[in-house]
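>>> Kindly return the folded structure for what I paste below:
(2 chains)
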Number of protein chains: 2
Amino acid sequence: MRICLLGAGNVAVHLGKHLQAAGYTLVQVYSRTESSARSLAQALGCAYTNDLLSLSVADYYLCALKDEALPRVLKQIPSFPGLWLHTSGSLGLEVFEPYTRRCGVLYPLQTFSKQRELNLKEVPFFIESFSPELLCDIRSMAEKLSEKVYELDSGKRRYLHLAAVFACNFSNHLYALAAEILQEQGLSFDLLLPLIDETAGKVHEKTPKEAQTGPALRMDRNIIDKHLAILQSEPKRAELYSLLSESIFEHNKKV
Amino acid sequence: MRICLLGAGNVAVHLGKHLQAAGYTLVQVYSRTESSARSLAQALGCAYTNDLLSLSVADYYLCALKDEALPRVLKQIPSFPGLWLHTSGSLGLEVFEPYTRRCGVLYPLQTFSKQRELNLKEVPFFIESFSPELLCDIRSMAEKLSEKVYELDSGKRRYLHLAAVFACNFSNHLYALAAEILQEQGLSFDLLLPLIDETAGKVHEKTPKEAQTGPALRMDRNIIDKHLAILQSEPKRAELYSLLSESIFEHNKKV
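Below is the predicted model:
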């Protein structure tokens, strides 16, 4: 089965390599940025283009593009052979509808960075299509990549993506703020790694609510006021600290 | 060496068990709540009391109390034999000063929950004392518990604790908000576990800033506005979403 890959970002890089390893033939990489297209195409040993009028004929067109880019890209494509897929958490299936109903979604719930190997087998994939037959094809592709494949509609997928932003993107940003605080004191971020690992590990056994610890849980003003005092030169951090502390306190009052 | 343990919360439970396993003799547990004192004392096979006038004679008095409780407790103690230690990130060493200078700090940088086993060997311990001799004794105790023991003064320890609140308590709360969003859609929190693990795992290899992904990184309004729209019935979550997204965007503009 021949795949044309649209996009050359983190998701495209990981899915391209894993699909190739799973036996699919990557025929072409498209990216608006020629150097990105070339770089991924070289890694996959396939053709590349930055011209949407030169897309190769393929069985699958896998769009791993930014959400804002996909509608713009689709508008410029002259014809829609094959099965069209996107990998977005927040875009609905209906983004393809003006062009083709041979379409679907293949959404991997993971944070992808270049130069970081990932075991996709453990990554949950969420699939969707208008047709049960096409859904079978998409499932077959997803199951070559992962052991965890679920059907999910666009409405619920959007909430899943939102939850992922909280659990991943926002958590990582809190690591970044912690790293800054330590750096300013000449302390190494690595000191926090056992704590970060345990925080992630605990929610395998307990609900996050059960796992919650720290001064905000019982609104320990003694500690909170000290922390706010040392944050006063950084009003943005202080605002986040207050809002998150209040949210923890309110959340844990709920039954 | 005989230890009297003041406190029966999560930190006291873990340190008590590990100190006992390391060869120390736990002679008594004090807690204001008699049932908590009894329960931990039974697990350790030692005496207990809820009366500060009945503390046993010991070599070490290890105070694993809430920050607000420690000064109140110290005020009620008639005499200060032995070496007095606390385990707090935010309380200074000077909390002991009106009573004794044979004192120190033994701060484990970790999130402790009951009913969750921990490998303390990997947990960084931060120690402090007024005297080099006592610091030796404290180091010796810490090194029986962990392979990672560092000397750190109260000023820097406070920043370390603040960073830990961001990286652990606040991150865990974001997991809790994600869990709520999923629960409202009938989706299982377990779907997020590979993502949470990878988010924690990535910062072993990359800085959190390098590891950052998601719509806020380039202020993708397309996704952010959709997320804010589905958060509109939960203004607190929406406020956190906006503030964290802005913070990510601003942070990643910095060189």
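>>> Now the stretch 51-200 of chain A against chain B: closest residue?
In the stretch 51-200 of chain A, the residue that lies nearest chain B is residue A:169 (3.1 Å; C-beta to the nearest C-beta). The way it works is simple: take the backbone N, C-alpha and C, and place the C-beta from them, glycine included.
>>> Surely that residue forms part of a helix?
Yes. Assessed with DSSP: H, G, I helix; E, B strand; the rest coil, residue A:169 lies in a helix.
>>> Please name the nearest non-neighbouring residue to it.
Leaving aside its chain neighbours, residue A:169 sits nearest to residue B:214 (3.1 Å; criterion: C-beta to C-beta, 6 or more residues apart in numbering or on different chains).
>>> my guess is the one you found contacts residue A:167, does it?
No. Counting by C-beta atoms under 8 Å, residue B:214 stays clear of residue A:167, with 10.7 Å between them.
>>> where does residue A:68 land on pLDDT?
We have a pLDDT of 88 for residue A:68.
>>> where exactly do the helices run in chain A?
Secondary structure of chain A (DSSP state H): helices at A:10-21, A:34-44, A:69-75, A:132-145, A:154-164, A:171-184, A:193-202, A:208-211, A:221-230, A:235-253.
>>> Tell me which of those helices is the most buried.
helix A:171-184 (a mean of 24; mean count of other C-beta atoms under 10 Å in any protein chain shown).
>>> how far is that helix from where the chain is centred?
Distance of helix A:171-184 from its chain centroid, counting by C-alpha atoms, centre = their mean, to the nearest Å, is 21 Å.
>>> close to chain B, is that helix?
Yes. For helix A:171-184, a contact with chain B is found by C-beta under 8 Å from any C-beta of the partner chain, at A:171, A:172, A:173, A:174, A:175, A:176, A:177, A:178, A:179, A:181, A:182, A:184.
>>> Just the angle for that helix relative to helix A:193-202, thanks.
Interaxial angle of helix A:171-184 relative to helix A:193-202 (axes from the mean of the first three to the mean of the last three C-alpha atoms, to 10 degrees): 160 degrees.
>>> In terms of secondary structure, what does helix A:171-184 contact?
Helix A:171-184 is packed against helix A:235-253, helix B:154-164, helix B:171-184, helix B:193-202, helix B:208-211, helix B:235-253, with contacts defined by 3 or more C-beta pairs under 8 Å, 6 or more residues apart in numbering or on different chains; DSSP states H and E.
>>> who touches the fifth one?
Under the criterion C-beta atoms under 8 Å, 6 or more residues apart in numbering or on different chains, residues A:111, A:113, A:172-173, A:175-176, A:178-179, A:189, B:199, B:202-203, B:251-252 lie in contact with helix B:208-211.
>>> Tell me the one of those residues nearest residue B:46?
If you rank those by distance to residue B:46 using C-beta to C-beta, residue A:178 comes first, at 37.0 Å.
>>> ok, now which ones touch that closest one?
Counting by C-beta under 8 Å, 6+ apart, residue A:178 touches A:189, A:192, B:163, B:164, B:166, B:167, B:208.
>>> Could you report the distance from the closest residue to the second one other than its chain neighbours to residue B:69?
Across the structure, with C-beta to C-beta, 6+ apart as the measure, the residue nearest residue A:192 apart from its sequence neighbours is residue B:167 (5.0 Å). Taking C-beta to C-beta, to the nearest Å as the measure, residue B:167 and residue B:69 are separated by 25 Å.
>>> The residue lying closest to residue A:184 once chain neighbours are set aside: what's it in contact with?
Excluding its sequence neighbours, the residue lying closest to residue A:184 (C-beta to C-beta, 6+ apart) is residue B:159, at 7.5 Å. Residues near residue B:159 by C-beta under 8 Å, 6+ apart: A:181, A:182, A:184, A:185, A:187, A:230.
>>> so how far is residue A:191 from residue B:159?
According to C-beta to C-beta, residue B:159 and residue A:191 sit 11 Å apart.
>>> Show me which residues of the stretch 1-150 of chain A sit near chain B.
A:10, A:66-68, A:90, A:109-113, A:116, A:118, A:122-124, A:150.
>>> Sitting in strands, which of those residues do you find?
Counted as lying in strands by DSSP state E, out of the residues of the stretch 1-150 of chain A next to chain B, are residue A:150.
>>> Any of the residues of the stretch 1-150 of chain A next to chain B buried? List them.
A:10, A:66-67, A:90, A:109-113, A:116, A:118, A:123-124, A:150 (16 or more other C-beta atoms under 10 Å in any protein chain shown).
>>> Neighbour count for residue B:214 and residue A:167, which is higher?
Ranked by neighbour count (other C-beta atoms under 10 Å in any protein chain shown), residue B:214 and residue A:167 place residue A:167 first, with 31 against 20.
>>> sorry, back to before: which of the contacts of residue A:178 lies closest to residue A:40?
The nearest member of the contacts of residue A:178 to residue A:40, counting by C-beta to C-beta, is residue B:208 at 25.6 Å.
>>> Brilliant, that's me finished.
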